[in-house]
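Engineer: Starting from these lines, generate the structure:
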Amino acid sequence: QVLVDESGGGWVQAGGSLTLSCVASGGTFSRDTVSWFRQAPGQGREFVGGASTSGDNTYYSDAVKGRFTIRKDNAKNIATLQMNNLKPDDTAIYYCGVDPDDEDYDEIGVNYNQAYWGKGTLVAVSS
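Structural biologist: Predicted coordinates for the structure are as follows:
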């Protein structure tokens, strides 16, 4: 059983920064892709970005590209989402998804069918 735990959410003013962390235990993190999603009040879940098994390849939604950065540390079983220049529209619950890459292609794309999910952490950005 893989357990996924996000942390680092909070309140921040527009233009500020936050770093979210995602820790996965019970699996083989070096063979997992990690993806971040968010869900704003009254909205559906939205893909934010993801990292391949090695962490060398990342992919971001247009909404966050250039402002958010994902890093994956396989030695520590942790992935981070560095969020800069935050906007009120970034307000949401942020979720980490972990998905085993059995083929180990070391690629990342948009995949809503993550094998394991965290419970989410709230990010609130005030104007």
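Engineer: Okay, and the beta partners of the closest residue to Asp5 other than its chain neighbours?
Structural biologist: Distances taken as CB to CB, 6 or more residues apart in numbering place Val23 nearest to Asp5, at 5.0 Å, with adjacent residues excluded. Where C-beta positions appear, they are placed from N, C-alpha and C, glycine not excepted. Note on Val23: beta-bridge partners by DSSP bridges are Asp5, Ile78.
Engineer: so how far is Thr91 from Val23?
Structural biologist: When CB to CB, to the nearest Å is the yardstick, Val23 and Thr91 sit 23 Å from each other.
Engineer: Just to check, Ser25 is in contact with Asp32?
Structural biologist: No: using CB atoms under 8 Å as the test, Ser25 is too far from Asp32 to be in contact (11.4 Å).
Engineer: For Val34, which non-adjacent residue is spatially closest?
Structural biologist: Distances taken as CB to CB, 6+ apart place Ala79 nearest to Val34, at 4.2 Å, with adjacent residues excluded.
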